[in-house]
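Participant: Sequence plus predicted model, see below.
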Amino acid sequence: MDGIHDVGGMQGFGHVQPLTAAPPFAAPWEGKAFVIGALAARIAGTNLHAFRHAIERVPPREYLVGYWNRWTIGAQIMMEDSGIVTDEEVRARAARLSGRDVPEPPPPTPRKPEMPSGGAGNLRPLETPPAFAVGDRVRVADLDPTGHTKLPRYVRRRTGTVTALQPSQVFPDTAAHFAGENPQHCYTVDFDSRELWGPDAEPFRLSIDLFEPYLEPAP
Amino acid sequence: MTSAPEPLDPALRVEALASLLTERGLIDQTTVETFVKTYEHSVGPMNGAKVVAKAWTDPEYRARLLADGTAAIAELGFKGPQGEHMVVLENTPALHHVVVCTLCSCYPWPVLGLPPSWYKDPAYRSRVVREPRKVLREFGLDLDDGVEIQVHDSSSEVRYMVLPERPVGTERYSEAELADLVTRDAMVGVAQVALP
């Protein structure tokens, strides 16, 4: 989906934050948020890809508040989808924790997707041979999926060169929607910065891992 | 959810969710504390620093690390979530690697721990794939024009870690002393390793 999460190449975010050696959690609630998100897929009977897609569906103004906020809301959205909690419950509980005596709605009925898993992790061997080889020129397809995808906007319709074959993997675009693991070959594709950003771009090379369904032979 | 009326305070939302999930037996305080302690104390850039220091002092290990990052890193006991397939990128005087995840904030947890704030921030994620030299300069790393820059967008389950250049003047350093020099920022590629 063309969401707020797909920020590659966007302009207007300003100066990068300073490099600091700060610990992972600036406050105790951030640590708790991390754990809720880390366990959310197990609790909701989903998977890592569904969690990423839930974070993508966090409304933009909430997404930009900060990382642990979007992480927590993403976890909540995924648990709402699986009938673990409702937003009304969360808001009522928040009000009660703030000292307001509001009624609490009943919990929802769980409806976990329980897509069959091909095992731990996301690497899956594939019998079918890869369509592309190192050195092949490839064009990124003009895809515009409305669901989850690992194909960022900024490389769509661009032409690059395959520089490595990575291990074949669960296809996030289907797994996030519980439509099967559907493993795919995965390639590192290199792009010249001028192919991405025009003739005045800073000279550099951009390497990105792309799944086979995103690619077609360069014309 | 998408038409949520008023934003909730982030910390309050976490408390409310934690309270509901605890009540339902889906999380518990011990698990929360174990996770937090693990990523505060055991899994972090000190792991990656050991990998780098060993690669600097043991040429055979360095060769194994560059050929099969996952296996060589596991030799030191580092593996787990977000490290299923590791690729190590060697910085040289002619080529500088830098790593990002534009779509989310994918990061090699077993060697670097959880990502720092700047890595997750849209400013870094949006700009480093468009103007990396300028971004590196903002971080304080001014590369010579002759150094080629290669930006890696971590868009699959492959996780990348940079093997920085060993600083000159460290010939007599022990492996442990070298590990103390290595920073998280250098292993993402936004800094170089320097002497104190």
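Facilitator: Thanks, I have the structure now. Numbering: from 1, shown residues only, chains lettered A, B, ... in the order given.
Participant: quick one: pLDDT of B:T2?
Facilitator: Looking at B:T2, its pLDDT is 49.
Participant: do B:E165 as well
Facilitator: 98.
Participant: Please go through chain A and pick out the longest strand.
Facilitator: strand A:159-169 (DSSP state E).
Participant: if I pick the residue at minimal distance from the centre of chain B, what's in contact with it?
Facilitator: Nearest to the geometric centre of chain B sits B:L112, at 4.2 Å (C-alpha atoms, centre = their mean). Going by C-beta atoms under 8 Å, 6 or more residues apart in numbering or on different chains, B:L112 touches B:44-45, B:47-48, B:161, B:184, B:187-188. (Glycine included, C-beta is placed from N, CA and C.)
Participant: coming back round to it: could you give the separation of the helix or strand following the longest strand of chain A from the chain centroid?
Facilitator: Heading C-terminal from strand A:159-169, the first helix or strand you meet, by DSSP states H and E, is helix A:172-175. Relative to its parent chain, helix A:172-175 has a centroid offset of 10 Å by C-alpha atoms, centre = their mean, to the nearest Å.
Participant: If we go by neighbour counts, what in helix A:172-175 is buried?
Facilitator: Neighbour counts over helix A:172-175 (16 or more other C-beta atoms under 10 Å in any protein chain shown) mark A:172-175 as buried.
Participant: Same check on stretch A:176-194?
Facilitator: By neighbour count on 16+ other C-beta under 10 Å, the buried set for stretch A:176-194 is A:176, A:178, A:181, A:183-193.
Participant: That one near chain B at all?
Facilitator: Yes: applying C-beta under 8 Å from any C-beta of the partner chain, one finds stretch A:176-194 in contact with chain B at A:186, A:188.
Participant: Just list the residues touching the nearest residue to A:R52 once chain neighbours are set aside, thanks.
Facilitator: In space, and not counting its chain neighbours, A:R52 is closest to B:C104: 5.6 Å by C-beta to C-beta, 6 or more residues apart in numbering or on different chains. For B:C104, the contact set (C-beta under 8 Å, 6+ apart) comprises A:5, A:52, A:55.
Participant: Give me the buried subset of these.
Facilitator: A:5, A:52, A:55.
Participant: before we move on, the earlier item: residues making contact with the longest strand of chain A?
Facilitator: A:122-126, A:130, A:132-140, A:183-192, A:195, A:207, A:209, A:211, A:218, B:85, B:156-158.
Participant: try stretch A:123-136
Facilitator: By C-beta under 8 Å, 6+ apart, stretch A:123-136 touches A:118, A:138, A:161-165, A:167-170, A:181, A:183-185, A:187, A:212, A:215, A:217-218, B:84-85, B:157.
Participant: What's the end-to-end length of it?
Facilitator: 23 Å (C-alpha to C-alpha, to the nearest Å).
Participant: All the strands of chain B, residue numbers only.
Facilitator: Using DSSP E, strands in chain B cover B:85-90, B:95-100, B:148-153, B:158-163.
Participant: among those, which is nearest A:Q17?
Facilitator: strand B:95-100 (13.7 Å; C-beta to C-beta).
Participant: still on that earlier bit, could you redo the strands of chain B as a markdown table and give each row distance to chain A and mean neighbour count?
Facilitator: What follows is these, written out as a markdown table (distance: least, C-beta to the nearest C-beta, whole Å; neighbours: other C-beta atoms under 10 Å in any protein chain shown):
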| stretch | distance to chain A | mean neighbour count |
| --- | --- | --- |
| strand B:85-90 | 5 | 21 |
| strand B:95-100 | 8 | 24 |
| strand B:148-153 | 4 | 22 |
| strand B:158-163 | 5 | 24 |
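Participant: Kindly present those as JSON lines, with separate columns for distance to A:N47.
Facilitator: Output for the strands of chain B, formatted as JSON lines (distance: least, C-beta to C-beta, whole Å):
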{"stretch": "strand B:85-90", "distance to A:N47": "17"}
{"stretch": "strand B:95-100", "distance to A:N47": "24"}
{"stretch": "strand B:148-153", "distance to A:N47": "22"}
{"stretch": "strand B:158-163", "distance to A:N47": "18"}
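Participant: nearest to A:S82, of the ones you listed?
Facilitator: For A:S82, the closest of these is strand B:158-163, at 27.4 Å, according to C-beta to C-beta.
Participant: how much does the closest one deviate in direction from strand B:148-153?
Facilitator: 150 degrees (axes from the mean of the first three to the mean of the last three C-alpha atoms, to 10 degrees).
Participant: Return strand B:158-163 as CSV; C-alpha atoms alone will do.
Facilitator: Output in CSV follows, covering the C-alpha atoms of strand B:158-163 (Å, rounded to 0.1, in the frame of the first residue of the first chain):
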residue,chain,number,x,y,z
VAL,B,158,18.3,-10.5,4.8
ARG,B,159,20.0,-8.4,7.5
TYR,B,160,23.1,-6.3,6.8
MET,B,161,26.0,-5.3,9.0
VAL,B,162,29.0,-3.2,8.0
LEU,B,163,32.5,-4.3,8.7
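Participant: how much space is there between the residue nearest to A:P172 when sequence neighbours are not counted and A:P125?
Facilitator: Counting by C-beta to C-beta, 6+ apart, A:P172 lies nearest to A:H49, which is 4.3 Å off, once chain neighbours are set aside. According to C-beta to C-beta, to the nearest Å, A:H49 stands 19 Å off from A:P125.
Participant: So for those two, which residue has more residues nearby?
Facilitator: More crowded of A:H49 and A:P125, by other C-beta atoms under 10 Å in any protein chain shown: A:H49, with 23 against 8.
Participant: quick one, what contacts that one?
Facilitator: Per C-beta under 8 Å, 6+ apart, neighbours of A:H49: A:148, A:170, A:172, A:175-176.
Participant: go on, B:M46?
Facilitator: B:A179.
Participant: What separation is there between it and A:G14?
Facilitator: Per C-beta to C-beta, B:M46 is found 31 Å from A:G14.
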